[in-house]
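**Student:** Below is the sequence, then the predicted model.
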Amino acid sequence: MNDAQLTEQIKARSGLSDADLVQRVEQKKNELHGLLSHTGALHILANEFGIQAKEIYTRKSTIAELVPGMRGFELEGAIVRIYPAKSFEKNGRKGSVGSFLLQDTSGRVRVVLWDEKTTLLSTMHDGDTVMLQSMRLQQRPDGELELHSQPSSRITLSKSSVPCMFLSQVGQAATASVYGTIVAVHDLRFFEQCPQCRKRLQNQGQWVCPVHGPQSPHYGYLLSLVIDDGTATMRVILFAQQADILLGMNSQGVLALRDNPTGLPDIRKQLLGKDVALRCNVQKNDLFSRVELHATAVSVPTADDVLQMLEQMA
Ligand SMILES: [Zn+2]
C-alpha cells in the first residue's frame with residue numbers, strides 16, 4: 001500500500017478531513033523531532049485508528065519502502081553478498097547466525113538468518129533471487145534497518161542460471177560456471193580497507209579513506225591463481241570469502257598469514273593440481289586485453305558434478 005492509499009484508508013476509518021489528517025501527521029513528526037518519515041507517521045496514525053498491519057501490508061514492498069514497525073510485507077531481490085553462518089553460545093542458548101545483503105532496484109538491506117534458517121546460506125550464491133515473507137524488521141542503534149528471520153519466515157530461493165562453459169568460451173560471457181585444474185598459485189595479497197565502506201585506503205603517511213578520512217585499516221585479501229580446463233588457461237581472483245572456502249580456513253586464519261607467511265609455500269603446494277568448480281563474473285581487463293575471472297562461488301567438485309557440467313556444455 002502506498003502513502004496515498006494509506007491516507008485514504010485512514011480518512012475512511014477515522015472520519016478526519018484532509019486538513020486534520022495533514023495536521024496529525026505533522027504533529028507526529030514533531031513529536032519525534034523530525035526523525036519520522038511521512039510514511040512512518042501515516043503508519044503510526046493507521047495503528048492508532050485500529051487499522052491492522054495485516055490490512056496495510058499484503059503486497060510486495062521495495063527495500064526503500066521499509067519503515068520501522070512494518071510487518072507482514074514481502075520482499076524480493078538479488079543476493080549480493082553472503083556472510084557465512086557462525087555458531088554461538090549466549091546465556092546458555094546455543095545457536096547460529098549468518099547473513100546476506102539483499103538488493104533490489106531501490107536499495108540494499110542486510111538480512112540476518114538465525115538457527116536452522118542459516119543452513120540456507122550454504123546453498124545461496126551471489127546473483128540468486130530470493131523472496132522473503134514474514135521477516136521481522138529491526139532497527140539497529142545506528143538507525144540502519146535489518147531483516148531478521150523468525151521461525152515463521154519463508155525464504156524462497158531461485159537460482160540464477162549461470163551457463164556452464166569451457167574457458168575458451170568465456171570471453172563473450174558476463175557470468176560463467178567453469179571447471180578446471182589449478183596450474184599456478186600467484187598470490188595471496190592483503191590490502192587496507194576502510195572499516196566503514198570497504199573502499200581501499202590510500203597511504204598518505206596515515207591510512208585515508210576518500211570518503212571517511214583517516215581510518216585504522218581493516219584488512220581484505222584476495223587469492224590469485226590460474227586454472228586450465230584443456231581448452232585454455234585463465235587467471236582467477238578469489239576475494240575474501242571465496243578464498244576462505246578454497247583454502248579451507250576462516251578469515252582469522254588467513255589474516256594470520258599476513259603477519260606470519262611461513263605457511264604459504266605449503267598452502268601453494270596443496271592447491272596445485274586441485275580441481276575446482278567456479279561460478280564467476282567475467283572481467284575484461286582492457287589494459288592487458290586479457291580476460292580474468294572473479295569467483296562468486298567455489299567448490300571442489302565430485303566426479304558427478306563434473307559429469308553434470310559436461311552434459312550441460314554439450
Ligand atoms: Zn570509507
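**Tutor:** Yep, it's here. Numbering: from 1, shown residues only.
**Student:** What's the separation between the nearest residue to Gly95 once chain neighbours are set aside and Ile79?
**Tutor:** Leaving aside its chain neighbours, Gly95 sits nearest to Asp115 (5.0 Å; criterion: Cβ to Cβ, 6 or more residues apart in numbering). Where C-beta positions appear, they are placed from N, C-alpha and C, glycine not excepted. Relative to Ile79, Asp115 is positioned 20 Å away (Cβ to Cβ, to the nearest Å).
**Student:** Next: Ser158.
**Tutor:** Counting by Cβ to Cβ, the gap from Ser158 to Ile79 is 11 Å.
**Student:** cool, His212 as well?
**Tutor:** From His212 to Ile79 the distance is 26 Å (Cβ to Cβ).
**Student:** contacts for stretch 240-256?
**Tutor:** Stretch 240-256 has contacts (Cβ atoms under 8 Å, 6 or more residues apart in numbering) with 82-84, 188, 190, 219-223, 238, 267, 271, 276, 295-299.
**Student:** Selecting buried members of those residues in ChimeraX, what would you type?
**Tutor:** Per 16 or more other Cβ atoms under 10 Å, the buried members of the contacts of stretch 240-256 correspond to this ChimeraX selection:
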select :82,83,84,188,190,220,221,222,223,238,267,271,276,295,296,297,298
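**Student:** from the contacts of stretch 240-256, which ones fall inside helices?
**Tutor:** Of these, the ones assigned to helices by DSSP state H are 267, 271.
**Student:** Count the residues that sit near Gln206.
**Tutor:** Gln206 sits with 12 neighbouring residues when counted by other Cβ atoms under 10 Å.
**Student:** my guess is Val185 meets Leu272, correct?
**Tutor:** Yes. With contact defined as Cβ atoms under 8 Å, Val185 counts as touching Leu272 (6.3 Å).
**Student:** Which one of the two is surrounded by more residues?
**Tutor:** The neighbour count for Val185 versus Leu272, taken as other Cβ under 10 Å, is higher for Val185 (20 against 13).
**Student:** who's that one bridged to?
**Tutor:** Beta-bridge partners of Val185, counted by DSSP bridges, are Leu225.
**Student:** Nearest spatial neighbour of Val109, chain-adjacent residues omitted?
**Tutor:** Ile63 (4.9 Å).
**Student:** Let me fix that, I meant to ask about Arg189.
**Tutor:** Leu222 (5.5 Å).
**Student:** and the gap between that neighbour and Gly92?
**Tutor:** Taking Cβ to Cβ, one finds Leu222 at 40 Å from Gly92.
**Student:** Can you name the next helix or strand after the lowest-mean-pLDDT helix or strand in the chain?
**Tutor:** Using mean pLDDT, DSSP states H and E, the weakest-scoring helix or strand in the chain turns out to be helix 53-56, at a mean of 59. Using DSSP states H and E, the helix or strand that follows helix 53-56 towards the C-terminus is strand 60-61.
**Student:** for Arg81, what are its contacts?
**Tutor:** So Arg81 contacts 100-101, 126 (Cβ under 8 Å, 6+ apart).
**Student:** Pick the one among those residues closest to the ion.
**Tutor:** Nearest to the ion, judged by Cβ to the ion, of these is Leu101 at 16.9 Å.
**Student:** Show the pLDDT at Arg59.
**Tutor:** In this model, Arg59 is scored at 62, pLDDT.
**Student:** Can you tell me which residues in the stretch 151-300 of the chain are near the ion?
**Tutor:** By Cβ under 5 Å from the ion, the residues of the stretch 151-300 of the chain that approach the ion are 194, 196-197, 209, 211-212.
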